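1. Just to be clear, the model below is a prediction. Sequence and coordinates:
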Amino acid sequence: MAYGIYSDIYSLVESRDKTLVRAFLDNFLPNREEAADEYEVPQYSENPSIVYKNAEELIEYMNNNSNEVHAIYWRSLSDGDPKDAMVFYTSDGCMILGLSIEDEEKEQYYLRKLMSFTNSDISGIAYEQAPPDTKSEFKEFIKNT
């Protein structure tokens, strides 16, 4: 793999669970910072209906709004992998948990670890490519990666 290309490890969770998101972050990226300063709803809107100042507020909102699509990113403040953690909320009430790593030799290790954590076999590896916004599209995405 070329220098600077990250492996993205993804796993589908067929519900939205703020407690699971917190456990995911504490388990995989305990020393972290949010990658954004604020979060618009809808995401990327020029005229958002809501603007949250931190990810915790957005996670609470997403937990209660199952059709809203959003992505949240955190950066590691530690050396080594994982470099980033991500949560992608899908339009059909699911979420995709993700990790970005730099060391390709650790891909299978992190994939197994994330699959075990999420108890999901709808998981896979992509390369600097965000997952789609629905469960069915994600299943197809994983088949093609």
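-> The structure has been received and is ready for your questions.
2. and Ile142, how many neighbours does it have?
-> Using other CB atoms under 10 Å, Ile142 has 20 other residues around it. C-beta coordinates here come from the backbone N, C-alpha and C atoms, glycine included.
3. no wait, Asn65
-> When neighbours are defined as other CB under 10 Å, Asn65 has 14 of them.
4. how near is it to Tyr44?
-> 16 Å (CB to CB, to the nearest Å).
5. any idea how far stretch 129-145 is from the chain center?
-> 13 Å (CA atoms, centre = their mean, to the nearest Å).
6. end to end, how far does it reach?
-> 10 Å (CA to CA, to the nearest Å).
7. ok, residues contacting it?
-> Stretch 129-145 is contacted from outside by 8, 10, 12, 14, 69, 71, 88, 90-92, 94, 96, 98, 122-126, using CB atoms under 8 Å, 6 or more residues apart in numbering.
8. mean confidence for that stretch?
-> The pLDDT scores in stretch 129-145 average 95.
9. can you check stretch 53-67 too?
-> If you average the pLDDT over stretch 53-67, you get 97.
10. what's the answer for stretch 74-93, then?
-> Across stretch 74-93, pLDDT averages out at 97.
11. which parts of it are buried?
-> Residues Trp74, Ser76, Asp81, Pro82, Lys83, Asp84, Ala85, Met86, Val87, Phe88, Tyr89, Thr90 are the ones in stretch 74-93 that count as buried (16 or more other CB atoms under 10 Å).
12. With just CA atoms, put that stretch into PDB.
-> Taking C-alpha atoms only, stretch 74-93 is exported to PDB below (Å, rounded to 0.1, in the frame of the first residue of the first chain):
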ATOM      1  CA  TRP A  74     -12.300  11.500  15.900                       C
ATOM      2  CA  ARG A  75      -8.500  11.800  15.600                       C
ATOM      3  CA  SER A  76      -6.100   9.900  17.800                       C
ATOM      4  CA  LEU A  77      -3.900  11.900  20.100                       C
ATOM      5  CA  SER A  78      -1.600   8.900  20.500                       C
ATOM      6  CA  ASP A  79       1.000   7.400  18.300                       C
ATOM      7  CA  GLY A  80       0.300   4.200  16.400                       C
ATOM      8  CA  ASP A  81      -3.000   2.700  15.200                       C
ATOM      9  CA  PRO A  82      -5.800   3.400  15.000                       C
ATOM     10  CA  LYS A  83      -5.400   6.900  13.600                       C
ATOM     11  CA  ASP A  84      -9.100   7.700  13.500                       C
ATOM     12  CA  ALA A  85     -12.400   6.400  14.700                       C
ATOM     13  CA  MET A  86     -15.700   7.100  12.900                       C
ATOM     14  CA  VAL A  87     -19.400   6.600  13.300                       C
ATOM     15  CA  PHE A  88     -21.600   6.800  10.200                       C
ATOM     16  CA  TYR A  89     -25.400   6.900  10.800                       C
ATOM     17  CA  THR A  90     -27.400   5.500   8.000                       C
ATOM     18  CA  SER A  91     -30.800   6.500   6.700                       C
ATOM     19  CA  ASP A  92     -32.400   3.200   7.800                       C
ATOM     20  CA  GLY A  93     -31.700   3.300  11.500                       C
END
